[in-house]
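A.B. asks: Requesting a structural model of the entry that follows:
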Amino acid sequence: MKHLLITSSLIAVIAVPGSLGCDSCFGPTNHVEHVRHVKRMQPGAPNATYGPTRALEWGQLNFLHTTDTHGWLEGHLKEENYGADWGDFVSFSNQLKRHAAKLGSDLLVVDTGDLHDGAGLSDATTVDGEISLKIFDKINYDLLTIGNHELYLAEVANQTAKEIAAYWGDKYLTSNVQILDSDTNGWEYIGNTHKYLTTEQGLRIMAFGVLFDFTGNANTTKVIPAATMITENWFVDAVNYAEPIDLFLILGHNPARPDADGSTFGLLHDTIRKVHPRTPIQFFGGHSHIRDFAVLDSSSTSLESGRYCETLGWLSMSGFDKDNSGLGNTTLPHGVPHPTRKATSNSTSPFKYARRYLDWNRKTFEFHSQPISSTFDSPSGLSTSSEITTYREQLHLGELYGCVPQDYCMTCAPFTSSNNIFPMLSQALAETVVNENRTDTPRYIISNTGGIRFDMHKGPFTYDDNFIVSPFRDAFLYVPDVPCGLASTVLNGLNNAGASQKRGLGVVPVERDICVDPLTTGFMGLEVRDEDGHVHAHSEVTRRQVVDLTPGYTTTDDFGTDGDDTAHSEIPYYEIPDFFQGEGGFGEDGCTDVVDLVFVDFIESDVLAILGSGYSDSDVDYYVSANFTTQDYLAEFVKASDLFQAGLPNCTIA
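C.D. replies: Modelled structure (predicted):
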């Protein structure tokens, strides 16, 4: 089974008793789960109804950033805001690369990991990523790093070493991740520990790729804690490199905000600053699936660019001159807006920054391409889109299972609401997780909300959607004939205490999907500094030019509320517990004697602890079979449910 670490605080969720609420996560605390309401540009996918209104700021050094793509290379087939596919990104990134060259400016395209576990294009193959990695490689990346989802399973880790790292060569940075070499029986870095490079315009960069201190990896891999890594000779030598360094670049599958739970960016920043007190340090993060931009000091910032091909991050900076860099041409690019903000209000640093979160759709990409080319699509982009269509057909990802009668969201409605996905999933558990030899005994079936990672949208429910909504493979275990009074305490006990992780080869912990997308409303009175550091009242005129906003990202970060490239309306956010329960086989009187207590396999030790000393692992067995998992029950329910079959055969996207 394979599971997603959604947010940095999940590192603590499993090990620390008690449920974690979103107030414990980094970033703004009034979180809003954004609803995805649009589509990508595969056949039949609609484009966004509106898009950005502002040109991008171009500096001397610019970045396009992707992270946590999780196989969503086909784009979002039911959501306009995020409807572009990987081929559209190929066309767009190539155009911007050419434009940067004409401007005499540098553009680096970077990725910060997690390429697996999220959509059928990556997950429907025998080894995850067999097809999706071929598509991913179509982008002309300059630097990349590894994510934790490349390390859960030994077979995927081997694929990462033999295919991803081998393909990208010294561009693929894994400063603290090693793999066991089967030939030498020794530990080898999957990629390069670091890279010293000179850009086309002459900037000299020292780059690293650092994974957070992850411990759920397969035992054929090793994640070296950052506190250990910074003491190693190669790292000390790289920081004290004999050649000039104009910028330190840290790519990390790591929460962008250094004070976030689990982030090691603060430690890396402080270590480099002891040797280079003024050299700019630029961080690119990931893992926590949010849009965020953090200021670390007057010449150091950190950007994180969302998840699931919903966001393309843009960062630009200027301030390099002949005194602080190797640039031959220190003028700003002509005919385009430039970065204007100092990192801090009292900064004496020459560096200025701009950041933007671009919605992943054709309208966005075409808008920012208009000054560059009259034709958006490139032959390589069109070819990539065509390949995606072909692969989707070969994998039968469009196979129709049912018709979803309404939108079911994870957090935009109260947990018990009919608009929330979990009451429907509780019914699905009750009706499909059944041992035919024990139908005379009622059952509680406990699963975790973290095993569900996406909303269900009104319209067709396909083989692909089953991966998108319920991608993880946890078998159902059970303890037979548990007294009702005791069995009825287990759900609350789990939600009050959290759940432990299993370790070892091929066993992946499940984490609660909390604090996803800290989306907050814009607010009046925000202080914004101009290029001279003067404070001005924030104006929302630009953001209110669009009258009918669709729900989506509404981000607040260290630079304020103007980072979202396209304006959206906010979405309500409601807390959900760690676990939910289906109840099957009960009569009108409810639980009167004993029940079969059914639960997902990774929480076995927690369930036994709650049941007490009278129970042990010898009482536990598979409830249906070892092969019937959490990836199976929803699809079976949809196929059998009158509610989901009623809209066939003419089911259309809302």
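
A.B. asks: Assign a three-state SS to the closest residue to Gly381 other than its chain neighbours, would you?
C.D. replies: The shortest distance from Gly381 to any non-neighbouring residue, by Cβ to Cβ, 6 or more residues apart in numbering, is to Ser91 (3.2 Å). Glycine gets a C-beta too; all of them are placed from N, C-alpha and C. Using DSSP: H, G, I helix; E, B strand; the rest coil as the criterion, the local structure at Ser91 reads helix.

A.B. asks: Ser91 contacts Ser383, correct?
C.D. replies: No: using Cβ atoms under 8 Å, Ser91 is not in contact with Ser383; the gap is 10.2 Å.

A.B. asks: the more surrounded of the two?
C.D. replies: Ser91 (25 against 13; other Cβ atoms under 10 Å).

A.B. asks: Can you show me the helices along the stretch 551-654 of the chain?
C.D. replies: In the stretch 551-654 of the chain, the helices defined using DSSP state H, counting those that start in this stretch lie at 604-611, 633-640, 642-645.

A.B. asks: Give me the mean pLDDT for the last one.
C.D. replies: Mean pLDDT, computed over helix 642-645, is 96.

A.B. asks: which outside residues touch that helix?
C.D. replies: 401-405, 461, 637-639 (Cβ atoms under 8 Å, 6 or more residues apart in numbering).

A.B. asks: if we can go back for a sec, and the residue nearest to Gly381, what pLDDT?
C.D. replies: 97.

A.B. asks: again, but for His37
C.D. replies: 32.

A.B. asks: now do Thr29
C.D. replies: The model's pLDDT for Thr29 equals 29.

A.B. asks: And the one 3 residues further on, by the same measure?
C.D. replies: Val32 is assigned a pLDDT of 32 by the prediction.

A.B. asks: now swap in Gly326 and tell me
C.D. replies: With respect to pLDDT, Gly326 scores 88.

A.B. asks: cool, and Thr184?
C.D. replies: Looking at Thr184, its pLDDT stands at 89.

A.B. asks: again with the one 3 residues further on
C.D. replies: Residue-level confidence at Trp187 comes out at 97, pLDDT.

A.B. asks: now the helices for the stretch 401-550 of the chain?
C.D. replies: 421-432, 463-469, 484-487, 490-497.

A.B. asks: tell me what the first one is packed against?
C.D. replies: Here helix 421-432 touches strand 443-448, strand 579-584, helix 633-640, going by 3 or more Cβ pairs under 8 Å, 6 or more residues apart in numbering; DSSP states H and E.

A.B. asks: could you redo the last one with a cut-off of 6 Å?
C.D. replies: When contacts are defined as 3 or more Cβ pairs under 6 Å, 6 or more residues apart in numbering; DSSP states H and E, helix 421-432 packs onto strand 579-584, helix 633-640.

A.B. asks: So what touches stretch 216-227?
C.D. replies: Stretch 216-227 is contacted from outside by 151, 153-154, 157, 176-180, 187, 211, 213-214, 264, 267, 505, 509, using Cβ atoms under 6 Å, 6 or more residues apart in numbering.

A.B. asks: Show me which positions of that stretch end up buried.
C.D. replies: Buried residues in stretch 216-227, defined by neighbour count with 16 or more other Cβ atoms under 10 Å: 216-218, 220-224, 226.

A.B. asks: Repeat that for stretch 548-566.
C.D. replies: Result for stretch 548-566 [16+ other Cβ under 10 Å]: buried residues 549-566.

A.B. asks: again, but for stretch 46-65
C.D. replies: In stretch 46-65, counting by 16+ other Cβ under 10 Å, buried: 46-48, 50-52, 56-65.

A.B. asks: Just give me how far that stretch sits from the chain centre.
C.D. replies: Here stretch 46-65 is found 20 Å from its chain centre; the criterion is Cα atoms, centre = their mean, to the nearest Å.

A.B. asks: Kindly check the end-to-end length of that stretch for me.
C.D. replies: One end of stretch 46-65 to the other measures 24 Å (Cα to Cα, to the nearest Å).

A.B. asks: now stretch 575-586
C.D. replies: In stretch 575-586, first residue to last residue: 29 Å (Cα to Cα).

A.B. asks: pLDDT averaged over that stretch - what is it?
C.D. replies: Mean pLDDT, stretch 575-586: 96.

A.B. asks: what's the answer for stretch 401-420, then?
C.D. replies: Per-region confidence: stretch 401-420 scores 96 on mean pLDDT.

A.B. asks: Tell me the buried residues in it?
C.D. replies: 401-404, 407-413, 415, 420.

A.B. asks: low pLDDT regions in the protein?
C.D. replies: Counting by pLDDT under 70, the chain contains low-confidence residues at 1-41, 498-547, 654.
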